[in-house]
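**Student:** got a predicted structure plus its sequence, pasted below:
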Amino acid sequence: MSEHLTVVDHPLVQHKLTLMRDKGTSTAVFRQLLREITLLLAYEVTRELKLTTRHIETPMEEMDAPILAGKKLALVSILRAGNGMLDGVLELVPSARVGFVGLYRDEETLKPVQYYFKAPEGLKDRLVIAVDPMLATGNSSAAAIDLLKEAGATDIRFLCLLAAPEGVARMKEAHPDVNIVTASLDRELNSKGYIMPGLGDAGDRMFGTK
């Protein structure tokens, strides 16, 4: 486990991921599992949030108790599949600000093409968590991080369900300061840029578009 990549090997994460990989799992169950597994991954990706204290009164006595410091964190969904992970993180951090990056992959070149970008204000003062279920070639992810940095973000994490070695290497080369949190580092990409063994197209499985 490098500091650039964290694979969350929690038994519940691995169990839910196996159910998601199974091609017999329905769209509805796939969506539910994605929300649940993202909540568990979000626990890991937010582990180092900064804390301050607030003076409160419990039913027993007064105390200085820990509470999150600084601005609300920003979640940025890499469309469209990233939207399936938003709910899981928002369940854990309901006050987070939300942004969107729209990129599609040119099937010929496998390079990302931008069609939408909307981010919360004040990114330089926020922890920014970019979410996309699949880190495959890494081209779209690296391009999304480029846009976030251009918008002022300096503290960015990347949260995904599956990663391919090629995508991790591409991200490390382009953005060595961005830590990746994932449920699995899979074997490889196939000739069409799909993760193997993977779980197919996350967007199609989530939205029932196949």
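**Tutor:** Nice, thanks for sending it over.

**Student:** show me what contacts the closest residue to residue 172 other than its chain neighbours?
**Tutor:** Using C-beta to C-beta, 6 or more residues apart in numbering and skipping residues adjacent in sequence, the residue nearest residue 172 is residue 4, 5.3 Å away. Glycine gets a C-beta too; all of them are placed from N, C-alpha and C. Counting by C-beta atoms under 8 Å, 6 or more residues apart in numbering, residue 4 touches 168, 171, 172, 176, 178, 179, 180.

**Student:** tell me the buried residues within those.
**Tutor:** With burial judged by 16 or more other C-beta atoms under 10 Å, the buried subset of the contacts of residue 4 is 168, 171, 172, 178, 179, 180.

**Student:** next, give phi and psi for the fourth one.
**Tutor:** Going back to what we said before, that points to residue 178. Phi and psi for residue 178, reported as degrees, to the nearest 10, are phi -100, psi 110.

**Student:** and for it, nearest residue in space, chain neighbours not counted?
**Tutor:** residue 156 (4.9 Å).

**Student:** can you pull the contacts of the one you found?
**Tutor:** Contacts of residue 156 (C-beta under 8 Å, 6+ apart): 127, 128, 129, 130, 145, 148, 149, 175, 177, 178.

**Student:** just the contacts of residue 4: which are in strands?
**Tutor:** Using DSSP state E, the members of the contacts of residue 4 that fall in strands are 179, 180.

**Student:** out of the contacts of residue 4, the closest to residue 20 would be?
**Tutor:** For these, the residue nearest residue 20 by C-beta to C-beta is residue 180; the value is 18.6 Å.

**Student:** isn't the closest one right up against residue 162?
**Tutor:** No: look at residue 180 against residue 162 with C-beta atoms under 8 Å: they stay out of range, at 11.1 Å.

**Student:** quick check: neighbours shared by the two?
**Tutor:** Common neighbours of residue 180 and residue 162 (C-beta under 8 Å, 6+ apart) are residue 135.
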